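Colleague: Build me a structure from this.
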Amino acid sequence: MITGPRGLARFLSAVGCRAPVLMLIDRARSEAAFVHPIAPLGGRVSSTVPSRCFVLTLTLCAVSVVASSSVAPALTPCALAQPSVEATGRWSTLEGDEIAVLHHPDDEQYARRVRSIYEARASSIASSMGLRTLSPLRVLIASSDEEFSELSYYGAPDWGVGCALPDRGLVILKSPRIVSYPLQMEAVFEHELAHIAAGRVLRGVAVPRWFDEGLAQAVAGEWRMSQSGALAGAAASGRLPPLSSLDGSFPEGREAAAVAYTMSFQAVRLMLELSGASEPGELVRAVGAEGDFDAALLTMTGLARNEFDSEYARFIARRFTWGTLLHDTRWFFLAGAALLVAGAVVRLRRARARMEAWDDEEKRIGDRRPRAKHVDTRWS
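Modeller: Sure, this is the predicted structure:
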């Protein structure tokens with residue numbers, strides 16, 4: 001059974017008709033970039049008398065944090081062709097000096113916010129990469145998951161919220177109305193603007209996927225030390241994949257993709273350190289001027305690609321150990337939750353022991369109490 005574009009692509013590949021569809025999909029994969037913001041879970045637990053319900057609730061809360069706090073932006077295809085949204089009649093357009101934001105009526109406030117972010121940040125992002133402007137740029141705000149999937153050619157993960165097509169000057173965003181976690185729109189949109197700017201500077205120069213994604217994170221300022229937990233765990237346990245495995249694509253699994261994005265940011269950070277560059281834009285300009293990533297890497301760092309990969313492995317081993325896990329706030333929550341659960345269990349056992357002691361004491365008092373003598377009143 002053929003389901004979706006991917007199923008169709010596999011079918012065409014099986015029958016030998018690879019060129020039309022698969023070339024387009026590969027093209028889209030080389031252009032698209034998704035970002036997913038962190039969705040922290042916070043809460044407050046009041047101090048009450050321990051009970052089984054309290055212990056169970058607290059345990060489930062701790063488990064849910066581990067299951068949901070990892071962030072996993074994934075490499076997936078974006079739109080294969082510029083959507084003809086005007087023909088639908090369902091879109092409104094918010095114009096700016098250099099940007100047009102197409103949105104549905106319910107997302108007008110969000111569209112204005114997107115435009116204001118562009119006006120505040122686009123100029124500095126463009127100048128950092130040697131560009132005068134990012135114009136012309138169109139932004140589409142999808143009002144449903146299905147619409148976002150259609151615009152991104154059904155290639156976005158369920159938690160993907162943004163997509164950029166640099167050569168078409170197009171960014172596709174999910175409306176925050178359909179996102180179930182706190183959406184850091186500034187970081188999301190700046191990430192996509194970084195992809196737009198880098199694509200225009202590189203002008204078709206092939207770069208590793210880790211460079212493209214690490215660069216966008218650095219420009220958008222998305223990195224948080226708490227993100228190092230997953231990378232530290234993978235490195236310390238020997239499960240960290242080689243950097244070269246991220247040259248062409250990222251894993252689709254949530255946890256694995258989170259590690260891949262963190263690895264990418266750290267690789268760009270290492271390039272900055274070795275090259276002495278003051279900002280990520282310098283790296284992009286150097287690659288664009290050289291016209292070849294490997295040649296630019298050698299010029300900037302003095303290392304060939306395989307040598308850089310080896311240096312990167314040593315860099316990660318030095319900086320990301322089990323001790324780095326202490327920077328991951330999830331573990332503090334889990335430790336606190338474990339202590340609360342342990343304390344609740346201890347208090348519950350003590351309360352039960354106290355109740356049993358009271359019952360035993362009452363029984364002993366009852367046994368020592370003098371019993372009333374029986375008086376025969378028949379002869380009185």
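Colleague: Measure how buried residue 365 is and give me the count.
Modeller: Per other CB atoms under 10 Å, the neighbour tally for residue 365 reads 9. For the C-beta atoms, the positions are set from N, CA and C on the backbone; glycine is no exception.
Colleague: List the buried residues for stretch 212-224?
Modeller: Within stretch 212-224, the residues scored as buried using 16 or more other CB atoms under 10 Å are 212, 213, 214, 215, 216, 217, 218, 219, 220, 222, 223.
Colleague: before we move on, which element is the second one in?
Modeller: Secondary structure assignment for residue 213, by DSSP states H and E: helix 209-220.
Colleague: pretty sure residue 258 is in contact with residue 230, am I right?
Modeller: Yes. Using CB atoms under 8 Å, residue 258 makes contact with residue 230 at a distance of 5.3 Å.
Colleague: which other helices and strands contact the helix holding residue 213?
Modeller: Contacts defined by 3 or more CB pairs under 8 Å, 6 or more residues apart in numbering; DSSP states H and E place helix 209-220 against helix 185-202, helix 254-275, helix 280-290.
Colleague: Which other helices and strands does the lengthiest helix in the chain contact?
Modeller: Scanning the chain for the helix with the most residues, using DSSP state H, yields helix 329-368. With contacts taken as 3+ CB pairs under 8 Å, 6+ apart, helix 329-368 sits against helix 52-68.
Colleague: Quick one: mean pLDDT over the helix it packs on.
Modeller: Taken as a whole, helix 52-68 has a mean pLDDT of 43.
Colleague: what do you get for stretch 220-232?
Modeller: Here the average pLDDT along stretch 220-232 is 72.
Colleague: okay, and the helix or strand of this protein with the least pLDDT?
Modeller: Lowest mean confidence among the helices and strands of the chain (mean pLDDT, DSSP states H and E): helix 19-31, at a mean of 39.
Colleague: Surely residue 136 touches residue 98?
Modeller: Yes. Using CB under 8 Å, residue 136 is in contact with residue 98, at 6.9 Å.
Colleague: between these two, who's got more neighbours?
Modeller: residue 98 (16 against 11).
Colleague: any idea how far residue 133 is from the more buried one?
Modeller: Distance from residue 98 to residue 133, counting by CB to CB, to the nearest Å: 6 Å.
Colleague: Quick check: neighbours shared by these two?
Modeller: Here residue 98 and residue 133 share the contacting residues residue 122, scored by CB atoms under 8 Å, 6 or more residues apart in numbering.
Colleague: Give me the pLDDT for residue 237.
Modeller: 75.
Colleague: Just the CA trace of the helix holding residue 213, in PDB.
Modeller: Output of helix 209-220 as PDB, limited to C-alpha atoms (Å, rounded to 0.1, in the frame of the first residue of the first chain):
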ATOM      1  CA  ARG A 209      24.100  19.600   7.500                       C
ATOM      2  CA  TRP A 210      25.800  20.000  10.900                       C
ATOM      3  CA  PHE A 211      27.400  23.200   9.700                       C
ATOM      4  CA  ASP A 212      24.100  24.600   8.400                       C
ATOM      5  CA  GLU A 213      22.100  23.800  11.600                       C
ATOM      6  CA  GLY A 214      24.900  24.600  14.000                       C
ATOM      7  CA  LEU A 215      25.300  28.000  12.400                       C
ATOM      8  CA  ALA A 216      21.600  28.800  12.600                       C
ATOM      9  CA  GLN A 217      21.500  28.000  16.300                       C
ATOM     10  CA  ALA A 218      24.600  30.100  16.900                       C
ATOM     11  CA  VAL A 219      23.100  33.100  15.100                       C
ATOM     12  CA  ALA A 220      19.700  32.800  16.800                       C
END
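Colleague: tell me the angle that helix makes with helix 254-275.
Modeller: 80 degrees (axes from the mean of the first three to the mean of the last three CA atoms, to 10 degrees).
Colleague: C-terminal to helix 209-220, what's the next element?
Modeller: Assigned by DSSP H and E, the successor of helix 209-220 is helix 228-236.
Colleague: Show me what that following helix packs onto, helices and strands only.
Modeller: helix 254-275, helix 305-319.
Colleague: Check the average confidence over the shortest one, would you?
Modeller: Model confidence over helix 305-319 averages 93 on the pLDDT scale.
Colleague: likewise the first one?
Modeller: Model confidence over helix 254-275, given as mean pLDDT, is 91.
Colleague: repeat for stretch 169-179
Modeller: 93.
Colleague: got the CA positions of that stretch in PDB?
Modeller: In PDB, the C-alpha atoms belonging to stretch 169-179 read as follows (Å, rounded to 0.1, in the frame of the first residue of the first chain):
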ATOM      1  CA  GLY A 169      13.100  33.600   0.000                       C
ATOM      2  CA  LEU A 170      10.400  31.600   1.800                       C
ATOM      3  CA  VAL A 171       9.800  30.700   5.500                       C
ATOM      4  CA  ILE A 172       7.000  28.600   6.700                       C
ATOM      5  CA  LEU A 173       6.000  28.700  10.400                       C
ATOM      6  CA  LYS A 174       3.300  27.000  12.500                       C
ATOM      7  CA  SER A 175       0.800  29.300  14.200                       C
ATOM      8  CA  PRO A 176       1.400  29.300  18.000                       C
ATOM      9  CA  ARG A 177      -2.400  28.500  18.300                       C
ATOM     10  CA  ILE A 178      -1.700  24.900  17.200                       C
ATOM     11  CA  VAL A 179       1.500  24.400  19.300                       C
END
